[in-house]
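Chemist: Could you work out the structure for the sequence below:
(one chain, ligands or ions: 1)
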Amino acid sequence: MSSRILEVSNLTMRFGGLLAVNGVGLTIQNGQIVSMIGPNGAGKTTVFNCLTGFYKPTAGKIVFAGEEIQGLQGHKIARKGMIRTFQHVRLFKSMTVLENLLVAQHQHLNNSLLAGLFKTRAYRQAEQAALDHAMYWLKKVDLLNEANREAGTLAYGPQRRLEIARCMVTRPSLLMLDEPAAGLNPSETDHLKILINELRDEHDISVLLIEHDMKLVMDISDHIVVINQGTPLASGTPEEVRNNPAVIKAYLGEE
Ligand SMILES: Nc1ncnc2c1ncn2[C@@H]1O[C@H](COP(=O)(O)OP(=O)(O)OP(=O)(O)O)[C@@H](O)[C@H]1O
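Modeler: Numbering: from 1, shown residues only. Alright, predicted model coming up:
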């Protein structure tokens, strides 16, 4: 298989008269952490929505793990291993922390209803495996002590960690995080950085990140793609992007 987990070319999304994404390209090698940056309204979340099947792109090609996926339904893309979080936390808030991770695995595995009704041996084994797997991830994101608490009662930072765990229990090959540091304090952001690096190093995934926290982006990324008003502006290593005059003018200059 190709060493590229994701290759996007000429991605375009039009909403009526608004060209929200205009010819964006993006390549992610296996094991890379890539960030997409750009001013507010640049089209970053729209790119995520096109990649993950929430929107059907107007044009462009999306090759994920060697297969063209543009226009596929979101749940089919998720089953192939492209999993995302959202800009605003989306948990099942009245379920417990643990239940959130169990539901995520069930949605993904699509266990047969009959096996569930008759509680077959294979079903019980799968349930136990799902529980063990959920506990593993709760420990990893430091939420083991909160397993039986209602997810909606967690503070904001732990909710964001739970969202990441909820993605990871489905064993993705590409994890896409939409502004994971938004609303976190500096210490939580440092922990997030360590966590993302660990996910990549220990769990064989690639990561695509939308993020406004420039320190995090510069510290963590192997590669950065900059878009401005829907159009690709620059791409390169953190060093190259940091020193690119067009980026400084369009993005950093506005701060
Ligand atoms: N469903 C939609 N219908 C119409 N316009 C949309 C839709 N989704 C996004 N847009 C528009 O597309 C443009 C890009 O928005 P998008 O949310 O992708 O930007 P962004 O780079 O993620 O911004 P931010 O950093 O503020 O989250 C904006 O002008 C937005 O209003």
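Chemist: which ones are touching residue 222?
Modeler: Residues near residue 222 by CB atoms under 8 Å, 6 or more residues apart in numbering: 29, 32-34, 237. In short, each C-beta sits where N, CA and C put it, glycine included.
Chemist: Can you select the buried ones from the residues you listed in PyMOL?
Modeler: Command for PyMOL that selects the buried part of the contacts of residue 222, burial taken from 16 or more other CB atoms under 10 Å:
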select buried, resi 32+33+34
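Chemist: And the next helix or strand past the longest helix that the chain contains?
Modeler: Secondary structure of the chain per DSSP state H: the longest helix is helix 121-140. Using DSSP states H and E, the helix or strand that directly follows helix 121-140 along the chain is helix 156-168.
Chemist: residues making contact with that next one?
Modeler: Contacts for helix 156-168 (CB under 8 Å, 6+ apart): 83-86, 89-91, 97, 100-101, 104, 137-138, 140-143, 146, 151, 154, 175, 177, 180, 183-185, 188, 192, 195, 199, 203.
Chemist: Which positions in it come out as buried?
Modeler: Buried residues in helix 156-168 (16+ other CB under 10 Å): 157-168.
Chemist: Return the member of the contacts of residue 222 nearest to residue 247.
Modeler: Of all these, residue 247 sits closest to residue 237, with 12.4 Å by CB to CB.
Chemist: How many residues are close by the residue found closest to the closest one once you drop the neighbours it is linked to in the chain?
Modeler: Sequence neighbours aside, residue 223 is the residue nearest to residue 237 in space, at 6.6 Å (criterion: CB to CB, 6 or more residues apart in numbering). Using other CB atoms under 10 Å, residue 223 has 19 other residues around it.
Chemist: what does residue 152 give?
Modeler: Residue 152: 12 surrounding residues under other CB under 10 Å.
Chemist: quick one: it and residue 95, what's the gap?
Modeler: Distance of residue 152 to residue 95, computed by CB to CB, to the nearest Å: 9 Å.
Chemist: Spit out the contact partners of residue 241.
Modeler: 37, 224, 226, 234-235, 247.
Chemist: From the residues you listed, which one has the minimum pLDDT?
Modeler: The pLDDT minimum for those sits at residue 247, where the score is 88.
Chemist: is it true that residue 224 touches residue 33?
Modeler: No: judged on CB atoms under 8 Å, residue 224 makes no contact with residue 33 at a distance of 9.9 Å.
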